[in-house]
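Q: Attaching a predicted model along with its sequence, questions to come.
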Amino acid sequence: MVIPRLSQASLQAAVAALHAGEVVAFPTETVYGLGADASNPAAVQRIYQLKGRPTSHPLIVHVGDITQLPQWTRDLSPAAIHLATAFWPGPLTLVLRRDAAVNTVVTGGQDTVAVRVPSHPVAQQLLKAFGGGIAAPSANRFGHVSPTCVEHVREEFGDDVAIVLDGAGCEIGLESTIVSCVGEVPQLLRPGAITLSQLRAVVPEVTSVVDPNAPRAPGMLARHYSPHTPLKVVTRGDLEMLINQGRQRGGNLAVLATYLPPNTLEGIAWINAGTRPDAYARNLYANIRTLDKARASVILVEDVPHEEGWMAVRDRLRRAAASE
């Protein structure tokens, strides 16, 4: 992926906006973030207002490198240090004990803070020029499909976000893996591009069993990442049956599958997302957004394989399909 060179003027404008307490949208390797100065509670509140996000739902603080961790956290465990060293910069978020100076508006009122070091060159340039932490959830209305390009951010917010930095899309396309390192056993709270096996190769005790008392983290709500059109995950056999039923009723359908349509299907918007989990993940949100515009009564998604490489995709589809 060719990354557009960030102009000095754009970079300076974004840094000035952050220092002024404004909100800036910027690309990461996962999805686009809606960022504000993490040390400015009023600026962080602006994120919640723009997104319509409950203030109990914590944000992730993005920093330029691992040396900035002591500004935001305390009581780092050996597991946290090992994971950060192995996977930063990259799509891993660590939930850690917050430093007393970290305002709880960032943490959703908790005594923990989520931190990561993004690897996207534009995010890295912005963080280093800004010199501090940027609190940033995904740049979309709360609960809606995450954005992976400039156009998606504009669809969500229009002119409400003045500065949107161009990063030529997001290489991974799904939100970061989140691991809590505040208890005796590190817990995988949200799957992402970094798999459980990869985590365990560094820290063998990481578990995917989430304690009921684990810290709240982004993306853990039952319903999330949802299009406006109802979305339903079905087996391939059920998909073909539902398509036939839909054709008989005469309604429009939208389909996301791992194969080409059997023939020309009138009234059906069909996207073949392929069988590679990395490519499927990278294009998932863009594909859902495209099908959401098809004026269909439902988006039918073919169930994906029950394999570790598909774990993050399965998680996002399950939440997108959940009822309120």
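A: That came through, no problem.

Q: quick one: what helix or strand has the residue of the chain positioned farthest from its centre in it?
A: Going by C-alpha atoms, centre = their mean, the residue of the chain most distant from its centre is Q248, 37.7 Å out. Here Q248 sits within helix 236-249, counting by DSSP states H and E.

Q: same check, this time on G35
A: Counting by DSSP H and E, G35 is part of strand 32-37.

Q: count of residues packed around the nearest residue to V304 once chain neighbours are set aside?
A: Among residues not flanking V304 along the chain, W310 sits closest, at 4.8 Å (C-beta to C-beta, 6 or more residues apart in numbering). Any C-beta I mention is one placed from the backbone N, CA and C, and that applies to glycine too. Look at W310: counted by other C-beta atoms under 10 Å, it has 17 neighbours.

Q: Which residues lie in contact with W310 in this structure?
A: P277, Y280, V304 (C-beta atoms under 8 Å, 6 or more residues apart in numbering).

Q: Surely the second one and I271 touch.
A: No. Taking C-beta atoms under 8 Å as the definition, Y280 is not a contact partner of I271, at 10.5 Å.

Q: and the helix or strand following the helix holding Q248, what does it pack onto?
A: For helix 236-249, the following helix or strand on the C-terminal side (DSSP H and E) is strand 253-257. Secondary-structure packing of strand 253-257 (3 or more C-beta pairs under 8 Å, 6 or more residues apart in numbering; DSSP states H and E): helix 236-249, strand 268-272, helix 277-292, strand 299-302.

Q: looking at the ones you listed, which is buried most?
A: strand 299-302 (a mean of 24; mean count of other C-beta atoms under 10 Å).

Q: Name the SS class of A80, please.
A: helix (DSSP: H, G, I helix; E, B strand; the rest coil).

Q: Identify the residue nearest it in space, chain neighbours excluded?
A: With C-beta to C-beta, 6+ apart, the residue lying closest to A80 is C181, at 3.9 Å.

Q: residue contacts, E302?
A: Residues near E302 by C-beta under 8 Å, 6+ apart: V233, V234, T235, R236, L239, V255, L256, A257, T258, Y259.
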